[in-house]
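got a predicted model here, sequence first, then my questions.
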Amino acid sequence: MRQQPEWIIVGAGFTGAVLAERIASQLDEHVLIIDRRDHIGGNAHDEFDDQGLLVHRYGPHIFHTNAPRIWDYLSRFTDWRPYEHRVLGSIDGQLVPIPFNLNSLAALFPRRAAELERRLVHQFGEGARVPILDLRESAHSDLKALAEYVYENVFLGYTLKQWGLTPQELDPGVTARVPVVISRDDRYFDDLYQAMPLDGYAPLFARLLEHPNIEVLLGTSFSEVQGSVRGRRVIYTGPIDEYFNYEYGHLPYRSLRFEFLTIDEEYHQPVGTVNYPNDHAYTRITEQKHITGQAHQRTTLVTEYPRRHVANETEPYYPIPRAENRALYARYAEAASELPRGSVFFAGRLADYRYYNMDQAVGRALSLFDKVIAPLRADGVTAIAESPIAAIES
């Protein structure tokens, strides 16, 4: 260790890296950031494989945000390549746009599409993004039948594979993430800013962490440095239940298994991602070159297989949004609030037990720094953390 740090940050993903940069550059304090993995960047990490193809090791990560502040902040550490993600779903032997929209409707119901479109626009308005469970409540029989078709063929199978639960067993926000869209906009996201880091995520993170006040220690778990933490402040972005040694039980997650296949084609798929809601054990196949924009004579496909998370055996990717899981998280949050004030800060997808997009993770970190960490005084008396929800919405 070059110098005794004032801060130890556990986790070198977006939340930890942004907080490290802010503390180092704005407070001029020394930070040790550790990660149990062999790389920085968390799940957004990308790397060149042995064929020279740039791949996302943990599945596709497409950057999008509506927040100018987040965009401007990250733009200090990367140039961008404009990219609008498009997804097709394999439905009834056809590849149709996902989220399901008016183009999907025309492809699957060519004879009835005009009338169904008219009814959808009349009831919900042009451009609306309608959660499938809301569409199923439609009073009109034709729309109700359409909703049942979309539910059965687009949502149900995918949800069962992804979560191991039906849509009704999950919080409504899960189905709202992939709505029925009453427009012909085939983009998967409609955010103001949509782009990919020009050189990839790994260089972006390297620039975030290149400040002389930051030291990075990889292949290191928190337990390995805990003996040196006393008297220093900790930001913990790992699983909050793990921090407390699973005192109240394990918070449940879904995990993923990835299969990478490089083939001798310039491109294999018409778009970046193809979803398979009804066939096969996997949920989607992503062709990396659509996303990275790399010129190469070969191409790499990444197939995703959802699976149950087992602590210390698989990576926890998706907190499972159910009321009983939030209640269990609340017990850990209460335990966190009882720690010495100003000593440990919890933030991030695993620490907050909330699914964050990348921009939300950045927003969470910036908000925590501005509202809580920056106002710290030498006595260190402050609240441990703000509300994660408030952080995202600010």
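Received it, and whenever you're ready, just let me know what you need.

where does the stretch 1-150 of the chain dip in pLDDT?
1-3 (pLDDT under 70).

per-domain residue ranges of the protein.
For the chain, the structural domains run 7-40+209-251+318-393, 87-181, 253-308, going by automatic domain parsing.

mind checking which of those is nearest Tyr188?
Smallest distance to Tyr188 across the domains of the chain (CB to CB): 4.9 Å, for domain 87-181. Every residue, glycine included, has its C-beta placed from N, CA and C.

start to end distance for that closest one?
Its first and final residues considered, domain 87-181 spans 13 Å by CA to CA, to the nearest Å.

for it, the distance to its chain's centre please.
Here domain 87-181 is found 23 Å from its chain centre; the criterion is CA atoms, centre = their mean, to the nearest Å.

same question, stretch 274-281
Mean-position distance between stretch 274-281 and its chain equals 21 Å (CA atoms, centre = their mean).

repeat that for stretch 217-235.
Counting by CA atoms, centre = their mean, stretch 217-235 comes out at 26 Å from the chain centroid.

buried stuff in it?
Residues of stretch 217-235 classed as buried: 220, 222, 225, 229, 233-235 (neighbour count, 16 or more other CB atoms under 10 Å).

ok, back up a step: the domains of the chain: which one's closest to Ile62?
domain 253-308 (6.3 Å).

what mean pLDDT does the closest one have?
Mean per-residue pLDDT for domain 253-308: 96.

so which bits of stretch 135-142 are buried?
Across stretch 135-142, burial judged by 16+ other CB under 10 Å covers 135-136, 138.

go through the domains of the chain and name the closest to Asp79.
Nearest to Asp79, of all the domains of the chain, is domain 253-308, at 12.2 Å by CB to CB.

first-to-last residue distance for that closest one?
Counting by CA to CA, you get 7 Å between the two ends of domain 253-308.

before we move on, the earlier item: can you put the domains of the chain in JSON lines and add distance to Val55?
What follows is those, written out as JSON lines (distance: least, CB to CB, whole Å):
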{"stretch": "domain 7-40+209-251+318-393", "distance to Val55": "13"}
{"stretch": "domain 87-181", "distance to Val55": "18"}
{"stretch": "domain 253-308", "distance to Val55": "5"}
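
nearest to Asp199, out of these?
Of the domains of the chain, nearest to Asp199 by CB to CB is domain 253-308, at 9.9 Å.

how distant is that closest one from the center of its chain?
17 Å.

name the single longest helix found in this structure.
helix 323-337 (DSSP state H).

the helix or strand just after it pairs with which strands, parallel or anti?
Once helix 323-337 ends, the next helix or strand along the chain (criterion: DSSP states H and E) is strand 344-346. Applying DSSP bridges, strand 344-346 is found paired with strand 233-236 (parallel).

counting by contacts, list what the very next helix or strand once past the partner strand packs against.
As assigned by DSSP H and E, the chain's next helix or strand after strand 233-236 is helix 240-243. Helices and strands touching helix 240-243, as assessed by 3 or more CB pairs under 8 Å, 6 or more residues apart in numbering; DSSP states H and E, comprise helix 323-337, helix 349-352.

swap the cut-off to 7 Å and go again
helix 323-337 (3 or more CB pairs under 7 Å, 6 or more residues apart in numbering; DSSP states H and E).

can you list contacts of the longest helix of the chain?
Residues from elsewhere that reach helix 323-337 (CB atoms under 7 Å, 6 or more residues apart in numbering): 240-241, 244, 248-249, 251-252, 344, 346, 353, 384.

for it, list every residue counted as buried.
Neighbour counts over helix 323-337 (16+ other CB under 10 Å) mark 325-326, 328-329, 331-333, 336 as buried.

check which helix or strand the closest residue to Asn278 other than its chain neighbours maps to.
Of all residues not flanking Asn278 in the chain, Gly157 sits nearest, at 4.4 Å (CB to CB, 6 or more residues apart in numbering). Assigned by DSSP H and E, Gly157 belongs to helix 157-163.

mind saving the C-alpha coords of that helix as CSV?
In CSV, the C-alpha atoms belonging to helix 157-163 read as follows (Å, rounded to 0.1, in the frame of the first residue of the first chain):
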residue,chain,number,x,y,z
GLY,A,157,-41.8,-17.4,-21.0
TYR,A,158,-39.1,-14.8,-20.8
THR,A,159,-40.0,-13.8,-17.3
LEU,A,160,-40.2,-17.4,-16.1
LYS,A,161,-36.8,-18.1,-17.5
GLN,A,162,-35.2,-14.8,-16.3
TRP,A,163,-36.7,-14.7,-12.8
